[in-house]
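Novice: Mind looking at a prediction? Sequence and model below.
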Amino acid sequence: QVQLVESGGGLVQAGGSLRLSCAASGRTFSSYVLGWFRQAPGKEREFVGGSSRSGNTYYTDSVKGRFTIARDNAKNTVYLQMNSLKPEDTAVYYCAARRIAGVVTNIVGYDYWGQGTQVTVSA
């Protein structure tokens with residue numbers, strides 16, 4: 001069982017930056033694939049990016065070059081650094097953990113979810 005807690009959300013102007021953190025409980029953090037998702041009002045939850053067990057990262061096209069995922073296994077934490085934020089990045093951001101190897105983009109592929117943190121980007 002893994003519990004995930006996101007933090008770091010807030011209100012930022014367009015062009016600004018935020019860093020989200022996701023802290024996990026448990027002693028097997030390094031064995032999980034980690035994903036970041038977001039859900040805007042009235043829209044489905046979508047994949048933002050993910051980190052494999054070895055730390056390889058993958059991103060959806062809309063955030064490539066702006067967002068960076070990093071995991072710190074010693075701290076049981078995964079980060080989402082978001083730069084050059086746009087109003088369309090406004091959403092609740094969730095981290096998720098997957099027991100099976102391989103980053104996947106669908107929400108059903110993840111076993112554990114955090115409660116989410118709100119990110120609002122003003123124009």
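Specialist: Looks like it came in fine.

Novice: What confidence value was assigned to the residue of the chain most remote from its centre?
Specialist: Relative to the mean C-alpha coordinate of the chain, counting by C-alpha atoms, centre = their mean, the farthest residue is A123 (22.5 Å). At A123, the model reports a pLDDT of 95.

Novice: which ones are touching it?
Specialist: Contact analysis of A123 by C-beta atoms under 8 Å, 6 or more residues apart in numbering lists A14, P87. Heads up, the C-betas are built off the backbone N, CA and C, glycines and all.

Novice: Could you measure from it over to V12?
Specialist: 11 Å (C-beta to C-beta, to the nearest Å).

Novice: Check which helix or strand G65 maps to.
Specialist: G65 belongs to no helix or strand when assigned by DSSP states H and E.

Novice: okay, it: pLDDT?
Specialist: pLDDT for G65: 98.

Novice: ditto for the one 5 residues further on
Specialist: In this prediction, A70 carries a pLDDT score of 97.

Novice: If it is in a bridge, with which residues?
Specialist: Counting by DSSP bridges, A70 is bridged to Y79.
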